[in-house]
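A.B. asks: predicted model follows, preceded by the sequence.
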Amino acid sequence: MLYMIVRRFLWSLIVFTLVSVVVFTLVELLPGDAATAYLGRNATPERLALVRSELGLDRPAPERFVAWVGGILHGDLGTSLSQRQPVGDLVWGRLRNSLLIGLIAAVISIPLSLLLGVIAGLNRDRWPDSILSIISLISMSLPEFVIGTLLIFVFSLQFGLLPAVTIIDDTAPLNELLPYTILPVITLTLIICGYLLRIMRTSIIDALRSEHVQMAELKGLPALRVVLWHALPGALLPAVTASALVLAYMIGNLVVIEAVFNYPGLGTLALNAIQDRDLPLVQAIVLVLAGCYLLINLLADIITFMLNPRLRTLRAG
Amino acid sequence: MNQPLVQVEQLSIGYTTRQGAVRPVLRDVSLTLERGTTLGLVGESGCGKSTLSMSLLAHLRSGSRVFGGQVQVNGTNVFALDRTALEQLRGRQVGFVPQNASQALTPTMRIGAQATESLTLHRGLDTAAAHQRVTELFQRMRLPQPEALLQRYPHELSGGQQQRVVIAMALARQPDLLVLDEPTTGLDVTTQAHVLHLLQTITHEYGMTMLYVSHDLEVVAQVSDLVAVMYAGEVVEMAPVDRLFSQPCHPYTLGLLASLPRITQTTLPRPIPGHPPAPHEARAACAFAPRCAFATQQCQNEVPALSTVEQSPGRMHQVRCHHWQHVIQYEATIPHNGRSAPREPVDTLHDRTHALLTLQDVAVTYARPRLLDRLRQRPQPPATVERVSLAVQRGETLALVGESGSGKTTLLRAVAGLKSPSAGNITFGDLDLTIPVDRRSREIRRVIQIIFQNPDASLNPRQTVGQILQQPLRLYFDRDPAQYQEHIRLLLEQVRLAPHYERRFPSQLSGGEKQRVAIARAFAANPELVLCDEVTSALDVSVQSAVLEVLTDLQNRQGVTYLFITHNLAVVRAIADRVAVLYHGRLCEVGAVAQLAAAPWHPYTETLLGAVLAPEPGAPPRLLARDVPDPAPPARGCPFQRRCPRHLGPICNEDPPPWHTTDSGQRILCHIAPHDLEQRQTAEASLAFARD
């Protein structure tokens, strides 16, 4: 099994390298460069040339790629053009904030939706299933910004329980940031649960119909034991894969949700960087997001290996 | 303790459609099962035998319910039990052995955990004691390394081992009643014979009561004291096992027995015309009347009551037929032989003039050597099929037999061009067949057709029968589409289907009808060689013989050649001219089918023949070789060395055996000369057919 995991990890590294090449190439292909973006309307040929040589943009692309990658390996992501700061400092702080809501949402929503999915599946076509199905369909069909806005309307404007938008410095300590994470986390949880609950429901229904579950019942086992030992482990497999997909999808959604709540995360940073044509920053953010994506998939694969004895008992080689 | 263990009283189970129509699956079934006896329950698919057997565990398929009647086990009505009492019934009193062990074992749990859980729960054993008990039974079921087995996962076991585990699991609880639902269907003949033997020994020792469900009359004849025959949701006949097989009183039982291919019989078995009614179909007062040769007007109007043929204690013989007195007098006439006179067998390897298909030293391998292993020049694993040389004559039927994993399907795929051989030559007439199917000419593709085992998978469910049959016509013949209609009608007639079937979809056909459509599709191409891959093994016996009849009929008319794969030696005897026996992808024996009747045989052929069950009570199989799985063929010596009952010693393990040819043209690959084999084998004459 270890062999398989190491292999998957090496693959992830290769994919990550390819992603960095693609990101760099895409940015190269964009019309204009950092110099035109930085100077904007003040651009004259002389100034452009000056800024380009200052930023090293006059060197050939492969050379700059090597320099960029070399920098990344040393922990140097470059310098932000719009904020004149090291990109690393900007990204790490924001990453912490985004991870905070992402992790809290994942930790709450994945177990919750699996549990609710099992409840719905066990009560198939009865009232708990119907209620959960309606809720999950609603949360899946509403766009995240609508959910976010509705939550702000109810909790902040009507009842004044929670802050509507974040008015705090990005580098504020975690405990001060926490109150502001509640609404974004609820929004994310709703989105994740809606989808994952449906997957888990179908999966457990299939498992309950399988012959080995029927056999377990015919052995005279109590219902709880049948579900926990015979149905659930197999049924979790598709749900784990789906969880990875949902979390990856959530990364894309962060931009929108953070914008709705004006939350100082990676999403809002990315939005600003794109508006400012701050290319080093954009590159770094994309790379970090790609890294998160690969990490989630790697984690899902490892859990799948653990749950599936066929894979677990596989001999290396 | 005088009360019977199981009493089923006028039980009706069924479901209600969305439109509110009532569809009974079981109708008014009554049964009594005394302690210590085994009741065999036979019938074709859909007759309600599984529904009945599961009702003893108070298990209903989802959507169905009890319309009336009751099931009593140890005097309690099982359908009236609450959840806890039901768990106790299933955990302590009634054990269940399912058909499909590979599906019935939970893939995510270790064998030990799932085998012991109900012991600790219901038998109050602690974990150590439960492990001890299960290990003991694994040992009794002759599972290798029983201790280590507890730590294994189901997928690490072979099919035969999984089935033994499931049986041991049920036996470990020592239930009063064991319900077995086709527990050996799907196993190889040798494995089946071994499993049945062990099962009988152990249950006899425990004095266990069994309900043994099977579609297989041969198996039921071996294990039962009493047999109940089911048809369309009713028990139509019930008798002690010897009486049922010697003196059947229901026309359906009579028909089933006549439709069985037997290893002793070289003629085609006789099918029962028609097919059983589906639950939604209208039925006559006697459900069997439309298929019955004895039926009269009375059978259409009057539901036959259960008549008692004999009523001595413990020898009760009951039948549900108006005319059983006629049936009992009926002498089974010898079924007609639909085949042309059998040809003189010729060893075509030495006589290539008539050979239609020739295989010369063919090897097929699925293993793709890894680059690293190739660079390091590691030895490659032995090929799936190796050194197969065979010649098939025009117009003959050559049967390829062997257990699962013997490479028979692989060989067929190589001929069909679906898998290229890694070595050797395959020729069809003068044409090279080693090229894959997508590079073969239209003409070669036309003359070689294939029929698959499962028509459900090989017929497109979204096309009508007419559309399915049109495809080969369009593909292979540049003919006016206006003529298709006529051609399709003719094709349907050849497989004995009425013209209106053209507009039906596969889902509207029964299993046998679907397979006949698949046959018609193959023959639409007007082929010369038809490859048949287990074409009847998914069918019920009464239908199987109808399909065999159609195949023989077509051969007699059109002179096609069949390469016929099957694991059923009785079918081989009925339909084939010659037989080739494969073990681990290596040929062991090639000869005329008639030569199967007497020694000499290759020791593997002898083993297979010994394991064949006869459809008569009191004729147990001969268990010659162990049935432990032999995962890969040995690198040296004889392929059958590990299981051979006539193993000579080091020579078998070291030297490749030579081919011996007998005077009658039979070829045997063995270190023992045919003459010596014959002497040894006739010395122990009690084989399946020698019993007659």
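C.D. replies: Structure's in. What do you need?

A.B. asks: worst-scoring helix or strand of the chain, pLDDT-wise?
C.D. replies: In the absence of a named chain, this looks at chain A. One helix or strand of chain A scores below all others by mean pLDDT, DSSP states H and E: helix A:34-39, with a mean of 72.

A.B. asks: chain B was what I was after
C.D. replies: Within chain B, confidence by mean pLDDT, DSSP H and E is lowest for helix B:371-375 among all helices and strands, at a mean of 67.

A.B. asks: at the geometric centre of the chain, which residue do we find?
C.D. replies: No chain was given, so I picked chain A. When chain A is reduced to its mean C-alpha position, the nearest residue by Cα atoms, centre = their mean turns out to be A:I251, at 2.9 Å.

A.B. asks: look at chain B instead
C.D. replies: Against the mean C-alpha coordinate of chain B, by Cα atoms, centre = their mean, the closest residue is B:S537 at 5.2 Å.

A.B. asks: for stretch B:433-447, which outside residues touch it?
C.D. replies: The list of residues contacting stretch B:433-447 from outside it, by Cβ atoms under 8 Å, 6 or more residues apart in numbering or on different chains, reads B:357, B:415-418, B:420-421, B:424-428, B:431, B:448, B:472, B:475-476, B:525-529. Quick note: C-beta positions are derived from backbone N, CA and C, even for glycine.

A.B. asks: just list the residues touching the residue of chain A found nearest chain B, thanks.
C.D. replies: Going by Cβ to the nearest Cβ, chain B is nearest to A:G220 of chain A, at 2.9 Å. Listed by Cβ under 8 Å, 6+ apart, the contact partners of A:G220 are B:L86, B:E87, B:Q88, B:L89, B:R90, B:G91, B:R92, B:S118, B:L121, B:H122.

A.B. asks: phi, psi of it?
C.D. replies: Dihedral pair for A:G220: phi 80, psi 30, per degrees, to the nearest 10.

A.B. asks: could you do B:P472 as well?
C.D. replies: phi -60, psi -30.

A.B. asks: got the contact list for it?
C.D. replies: Here B:P472 is in contact with B:R446, B:R521, B:A522, B:A524, B:A525 (criterion: Cβ under 8 Å, 6+ apart).

A.B. asks: can you check B:G274 too?
C.D. replies: For B:G274, the residues meeting the contact criterion (Cβ under 8 Å, 6+ apart) are B:P290, B:R291.

A.B. asks: for B:Y153, same thing?
C.D. replies: A:P309, A:R310, A:T313, B:P107, B:T108, B:M109, B:R110, B:I111.

A.B. asks: what of B:V227?
C.D. replies: When contacts are counted by Cβ under 8 Å, 6+ apart, B:V227 is found next to B:L39, B:G40, B:L41, B:V42, B:V220, B:M238, B:A239, B:P240, B:V241, B:L244.

A.B. asks: quick one: which helix or strand includes it?
C.D. replies: Using DSSP states H and E, B:V227 falls within strand B:226-231.

A.B. asks: rounded mean pLDDT for that strand, please.
C.D. replies: Confidence over strand B:226-231 (mean pLDDT, whole number) is 95.

A.B. asks: could you double-check that B:A498 lies in contact with B:L509?
C.D. replies: No: using Cβ atoms under 8 Å, B:A498 is not in contact with B:L509; the gap is 11.7 Å.

A.B. asks: what about the two, which has more around it?
C.D. replies: Neighbours were tallied for B:A498 and for B:L509 using other Cβ atoms under 10 Å in any protein chain shown; the higher tally belongs to B:L509 (20 against 9).

A.B. asks: distance from stretch B:457-471 to the middle of the chain?
C.D. replies: Counting by Cα atoms, centre = their mean, to the nearest Å, stretch B:457-471 is centred 26 Å from the centre of its parent chain.

A.B. asks: over to stretch B:433-448?
C.D. replies: With Cα atoms, centre = their mean as the basis, the mean position of stretch B:433-448 lies at 32 Å from the chain mean.

A.B. asks: around chain B, which positions in chain A sit nearby?
C.D. replies: Remark: the part of chain A in contact with chain B comprises A:210-223, A:225, A:229-230, A:233-234, A:307-310, A:313, using Cβ under 8 Å from any Cβ of the partner chain.

A.B. asks: one more time with 7 Å
C.D. replies: A:211-212, A:215-216, A:218-222, A:229-230, A:233-234, A:307, A:309-310, A:313 (Cβ under 7 Å from any Cβ of the partner chain).

A.B. asks: just the ones of the residues you listed in helices?
C.D. replies: Taking DSSP state H as the definition of helices, these contribute A:E211, A:H212, A:M215, A:A216, A:L218, A:P233, A:G234, A:L307, A:P309, A:R310.

A.B. asks: a markdown table please, covering these and showing neighbour count and pLDDT.
C.D. replies: As requested, those are exported to a markdown table (neighbours: other Cβ atoms under 10 Å in any protein chain shown; pLDDT from 0 to 100):
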| residue | neighbour count | pLDDT |
| --- | --- | --- |
| A:E211 | 16 | 92 |
| A:H212 | 25 | 94 |
| A:M215 | 25 | 94 |
| A:A216 | 26 | 95 |
| A:L218 | 23 | 94 |
| A:P233 | 18 | 90 |
| A:G234 | 22 | 90 |
| A:L307 | 18 | 83 |
| A:P309 | 21 | 84 |
| A:R310 | 13 | 82 |
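
A.B. asks: looking at those residues, spot the one nearest B:R387.
C.D. replies: Of all those, the one sitting nearest B:R387 is A:R310; the distance, using Cβ to Cβ, is 33.6 Å.
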